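J.: Provided below are the primary sequence and the corresponding predicted coordinates.
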Amino acid sequence: MTENANCQSMENSSLGKDLTAEECVVLTRLMGVVRLGDGEVLVREGDTTRTLFVLASGALAVSNEISGKNTTLYKMTPGECAGTRAFVDMAPRQATLTAVGDSVVYTLEPEDFESLLETHPRVVYKFMRGLFRITHLNLMRMNAERQQLSNYITKTGGRY
């Protein structure tokens, strides 16, 4: 992919929506690109790598091993990111990511990102704001799902 295509993909991602075109160039120059074929695994549940992933094209199946069986929980679409916990707090991977069809993924290592602190602090700020937004949206979704499950169990708050 060209630098312009990389920047366009980053601008369209959940992490890059606050970045200007120039700031996207700064960020994407630090990023790696991984091309996956259908069924190739990007990362496995339990791995300790800290890489952040941004899906540029294709799809990724997010799965966990449940009762000895790999179970797909979610299908990522372009613009979504994975690995925020590992990237920020060094936690082991909570899921396996597997390509569904040909896929392109941008990668970012924490050390490379941290190198921007001195030279491009606004890029760091805007990117971290995007990470916070993603985390907050996930938390709100999980709280809503928990409430719906609680309502279902207690037969309150709706037609159950």
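T.: That came through fine. Numbering: from 1, shown residues only.
J.: thinking residue 84 is in contact with residue 52, fair?
T.: Yes: Residue 84 is in contact with residue 52 according to Cβ atoms under 8 Å; the separation is 6.7 Å. Glycine gets a C-beta too; all of them are placed from N, C-alpha and C.
J.: Looking at those two, which has the bigger crowd around it?
T.: residue 52 (23 against 18; other Cβ atoms under 10 Å).
J.: Excluding sequence neighbours, find me the nearest residue to that one.
T.: Leaving out its chain neighbours, the residue that sits closest to residue 52 by Cβ to Cβ, 6 or more residues apart in numbering is residue 87, at 4.0 Å.
J.: ok, the one you found to residue 81 distance?
T.: Going from residue 87 to residue 81 by Cβ to Cβ, to the nearest Å gives 9 Å.
J.: any common contacting residues for these two?
T.: Both residue 87 and residue 81 are contacted by residue 52, under the criterion Cβ atoms under 8 Å, 6 or more residues apart in numbering.
J.: Give the rounded mean pLDDT of the longest helix seen in the chain.
T.: The residue-count maximum for a helix in the chain (DSSP state H) belongs to helix 121-154. Mean pLDDT, helix 121-154: 83.
J.: which secondary structure elements does it contact?
T.: For helix 121-154, the packing partners by 3 or more Cβ pairs under 8 Å, 6 or more residues apart in numbering; DSSP states H and E come out as helix 21-28, helix 84-89, helix 116-119.
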